[in-house]
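> missing the sequence, but the structure's below:
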């Protein structure tokens, strides 16, 4: 694919400085870009490298006087880059049709222009919408539904009755719809609670590698539109994750948690069961959430507290041994003062 | 499957109030239940919804005067629900026999009524007992043994010589018997220690999705009867997990740890190598275990301490900056007092 | 395979005490060793068991007067054991050739003596070097390169263009080259940043089960020679891990982190994005790294601080409630002192 700089600028509602008719055939980083590619600059500290780049054009926020290449000026160069790069780098999925080395169950709907690679297993009554791509080793249980343009990478396992939306991406090794972790004890014996709900994943969700997303005990575990989940994340049964929330690697969300919209859970956050996290909340990395978090705030720590408070508390921890020394010293001095005070009445004598 | 309320009551040793002859064909949550289904009530706070349920019968602990449905009274409604739900919700595994799209090695024992899906790989000298189900993408290495009624979900990899008991469930993507993490250094060079032991998983164990259970250096890594492990858990080489213990998601157990019976390790607990955790111990979420834990106690934190002590310490941490201010203030006041004290001798003058 | 004790001693540059002509056919632990096997002793505390071992020879550091077996004396018995065990316990990979139940794309190079098991998918233009073993369910994307003697265990997914070196071992379920986690926001909408770099894994690396190693946004994610990674580790896009570093289970390394050579990240360490960890650094288990760490030190905690300082601070935390009580007590006493001080002027009167 080739586009003129002018066309790219229109796409991102930017402004061209210099020759807008030059033809761009790809994106690349400043250091590695070659002629014919466009690169981007998010910080003035890269200005120096920018002068040396072999890219034919640069996306940036302002026109530093010293760059003489054709430029694409836009308020948010990273966002513009994301949009332009997506133009050039859709993974090439030639339509393969259905491999004779795959297995398709009974009663399935197979849309047009789908790609079913070898060693894909599709159960009974599965709905595969148009342009879906199923990579090798994918397992789709009975009665699953896969929306249009969804891509499922190798060795992903999707249990029965799961419902996956449009334009969803699920990376390799992830598991959707395995049983939630529910047991009842009778003395030492442990009885399994059947998990008879499902998983529903809405449109435009991306799920990283080696995730585990449990099916609901009843009802559904629900990943809403636009959610992005990183690798190795645990999503317990009956969890709801609100629209456009971002869940970073190794997060663990216990059963029945309700995560709001536009929430960010940074790396390795843990959330205890049955809690609510409000819209627009940001939880700092490695935090443990043990209470409901009201909307619109940033919390950190375990138990999580407002981020600033946490920063202060953490700084104090390393000074604890010193604090204890000062305390000992104070106690001695007060002992001395108190002994002297007993003496002072003597001054009256 | 259909059962009368009376039959269900007998199963759980409960008591029927109302018409015991009504026929029940399934279980469901209070909100979603339909006619012909039975639901359950674990807490009086749900009484209000209970009045509106369309279920034909309710399992609960006591007879609140205002519920007029047929009732199944039992001390532990959740446990009774678990048993009744299990009646109705055994995943339907029609016996498939051995798919022609699978691979079976030499010298294998194949029991009766087994299901071997397409794309299952079975090595040489593998023993597959009666009624075992192997989902697509399962790998069984040479000389593995799988007990009766065990279900292995898609894309599970079981390395050579592993021994899996009866009625075991292993969820998708899990790995059993990969090499333990053992190396010896010689200067900068790192030598692999061959891991020549095995993994043994006893009867009635359930293992979640995307687990990693390492084979032993020597001898065996041993998951004992009735253990339940959640998703994304790391079990190191030569670990023993005692009977009926519960290991929650994202826990990491280092090599040679001995976990006792009836232990609960809550979400994301880490255990350092070679430690012993006594029977009936409960370890709170996100804790780090760095010492042996004697039986019959609850610990939390990193390093883990008795749970109540930990709660107090955590509460104190957030007040540390305030404590430091108070300390500064005290020091000033004592300085003043001490200066005054030096002055006081003047009163003698 | 059989070797004389003398031959084994030469291999590890040790010294034989007793009959060097005895024939050894394997290694085993002290407790389980049988005649014909060699065992090893790393600590005098095992001396007692050592007397009872049925092993035909023992590797150890010094000659305790009371052991009468043939002995192999060497400075580092564990290292010697590693080398000797590796002789006897190379997993037997008979050369299988290419299974007719696998899939090989167009334009691939297939080396000599390779083993491609059933249900392996190999994309187009893939280079499979001599003696490579690909277990069932392995996926190799287009344009991947696999070096000589590399072993890839079942259900591993390697995305397009990844480059894997020689003698690499990748355990089951791991994912190499999935998309890095990169998005740009525009209001509530979230745009994916195409990840157009690759993953490069150098010679002699071992990667555990169910890892997730993301491809770079640009350039490469790079695991250098001799690195050993345990199970369930997250390696973000554009991360570099230096030679011979050891990354223990459940570690999470955020994007663009540079880990030096000979670094050890203990279990469940988290590293924030774009940081540098110097050569020879050791990070204690469960730590969170939020700043660059200069070379040659051990740090622990979250945020990580020098290990000794952390130990002291942790010890102080449990004494915080007591510290608060002492503080309250001091304040009361100072109040009393100050009241008295106000009185003391009276002594002048």
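That came in fine, so what should we check first? Keep in mind it's a predicted model, so treat the numbers as computed, not measured.

> neighbours around residue A:321, how many?
By other C-beta atoms under 10 Å in any protein chain shown, 14 other residues sit near residue A:321. C-beta coordinates here come from the backbone N, C-alpha and C atoms, glycine included.

> so what's it closest to, chain neighbours aside?
With C-beta to C-beta, 6 or more residues apart in numbering or on different chains as the criterion, residue A:321 has its nearest non-adjacent residue at 4.6 Å, and that residue is residue C:312.

> need the residues of the stretch 101-250 of chain A near chain C, please.
Applying C-beta under 8 Å from any C-beta of the partner chain, we find that the stretch 101-250 of chain A lies next to chain C at A:101, A:117-119, A:135-137, A:153-155, A:169, A:171-173, A:206, A:208-210, A:226, A:228, A:230-232, A:243-244, A:246, A:248-250.

> taking those one by one, which sit in strands?
Among these, the residues falling in strands (DSSP state E) are A:169, A:206, A:228, A:246.

> Which positions are bridged to the third one in the beta structure?
The bridge-partner assignment for residue A:228, based on DSSP bridges, gives residue A:206, residue A:246.

> got a pLDDT number for it?
pLDDT for residue A:228: 98.

> right, and it touches residue C:185 too?
No - using C-beta atoms under 8 Å, residue A:228 is not in contact with residue C:185, being 10.4 Å away.

> Tell me which of the two has more neighbours.
Counted by other C-beta under 10 Å, residue A:228 and residue C:185 do not tie: residue A:228 has more neighbours, with 23 against 15.

> which residues touch the more buried one?
Shown in contact with residue A:228 (C-beta atoms under 8 Å, 6 or more residues apart in numbering or on different chains): A:205, A:206, A:245, A:246, A:247, C:181, C:183, C:190, C:192.

> go with 7 Å
A:206, A:246, C:183, C:190 (C-beta atoms under 7 Å, 6 or more residues apart in numbering or on different chains).

> do residue A:89 as well
So residue A:89 contacts C:194, C:196 (C-beta under 7 Å, 6+ apart).

> From residue B:188, how far out is it?
39 Å (C-beta to C-beta, to the nearest Å).

> Same check on residue A:299?
In terms of C-beta to C-beta, residue A:299 sits 43 Å off from residue B:188.

> tell me the angle of the worst-scoring helix or strand of chain A on mean pLDDT relative to helix B:320-343?
Ranked by mean pLDDT, DSSP states H and E, the weakest helix or strand in chain A is helix A:320-343, scoring a mean of 80. Put simply, helix A:320-343 runs at 30 degrees to helix B:320-343, going by axes from the mean of the first three to the mean of the last three C-alpha atoms, to 10 degrees.

> for helix A:320-343, packing partners?
Taking 3 or more C-beta pairs under 7 Å, 6 or more residues apart in numbering or on different chains; DSSP states H and E as the contact definition, the neighbouring helices and strands of helix A:320-343 are helix B:320-343, helix C:307-317, helix C:320-343.

> wait, which of the ones you listed is closest to residue B:257?
helix C:307-317 (21.0 Å; C-beta to C-beta).

> which residues of chain A score low on pLDDT?
Low-confidence segments of chain A (pLDDT under 70): A:64-65, A:91-93, A:341-349.

> Can you show me the helices along it?
A:5-11, A:47-52, A:77-88, A:307-317, A:320-343 (DSSP state H).

> and the ones you listed as a markdown table, adding distance to residue B:284?
Formatted as a markdown table, the helices of chain A follow (distance: least, C-beta to C-beta, whole Å):
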| stretch | distance to residue B:284 |
| --- | --- |
| helix A:5-11 | 52 |
| helix A:47-52 | 49 |
| helix A:77-88 | 40 |
| helix A:307-317 | 19 |
| helix A:320-343 | 22 |
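
> what's the most buried one of the ones you listed?
helix A:77-88 (a mean of 21; mean count of other C-beta atoms under 10 Å in any protein chain shown).

> and for it, what are the contacting residues?
A:1, A:3, A:8, A:11-12, A:14, A:26-27, A:38, A:40-42, A:59-61, A:72, A:74, C:184, C:186, C:191-194.
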